[in-house]
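*Asks:* have a look at this prediction, sequence included:
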Amino acid sequence: MTAQMTTKNQITVPKEVRQALKLREHEQLEFVITTEGVQVKRKPLTQDNLWEIVAEQTAKYGSYATDEVDWGSDVGAEVFEE
């Protein structure tokens, strides 16, 4: 299989490779240089890069955290009638 580099130094990962590695959109690949050439691997998800992904998503879409809800003042025990 081959892939051609564009003028912007980008390549399209061939469909067969994407399927074999079960790659999805926005997944990261790792390039390992060896004496025989280059290996391309799916970058494993670790706790560190999980938080990188969360930070990227927060920067792109904003935080979905909400302010604390004000439920009013405490009234004590609730009274239920039977």
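*Replies:* Perfect, I can see it now.

*Asks:* buried set for stretch 16-25?
*Replies:* Judged by neighbour count (16 or more other CB atoms under 10 Å), stretch 16-25 contains no buried residues. Where C-beta positions appear, they are placed from N, C-alpha and C, glycine not excepted.

*Asks:* flag the shaky bits of this structure, pLDDT-wise.
*Replies:* Applying pLDDT under 70 to the chain flags residues 66, 76-80, 82.

*Asks:* so what's residue 32 bridging to?
*Replies:* In this entry, residue 32 is beta-bridged to residue 39, by DSSP bridges.

*Asks:* which residues touch residue 42?
*Replies:* Counting by CB atoms under 8 Å, 6 or more residues apart in numbering, residue 42 makes contact with 21-23, 27-30.

*Asks:* and those, which two are furthest apart?
*Replies:* Spatial extent of the contacts of residue 42 (CB to CB) is set by the pair 22 and 30 at 15.0 Å.

*Asks:* now the helices for this protein?
*Replies:* 15-21, 47-61 (DSSP state H).

*Asks:* closest to residue 6 out of those helices?
*Replies:* The nearest among these, by CB to CB, is helix 15-21 at 17.2 Å.

*Asks:* now, among the contacts of residue 42, which is nearest to residue 56?
*Replies:* Nearest member of these to residue 56, counting by CB to CB, is residue 28, at 10.8 Å.

*Asks:* and the residue nearest to that closest one when sequence neighbours are not counted, how close does it get to residue 12?
*Replies:* Excluding the flanking residues, the one nearest residue 28 by CB to CB, 6 or more residues apart in numbering is residue 43, at 4.0 Å. Applying CB to CB, to the nearest Å, the value for residue 43 to residue 12 is 18 Å.

*Asks:* next: residue 45.
*Replies:* For residue 45 relative to residue 12 (CB to CB), the value is 23 Å.

*Asks:* and what of residue 40?
*Replies:* For residue 40 relative to residue 12 (CB to CB), the value is 13 Å.

*Asks:* can you check residue 21 too?
*Replies:* Taking CB to CB, one finds residue 21 at 14 Å from residue 12.
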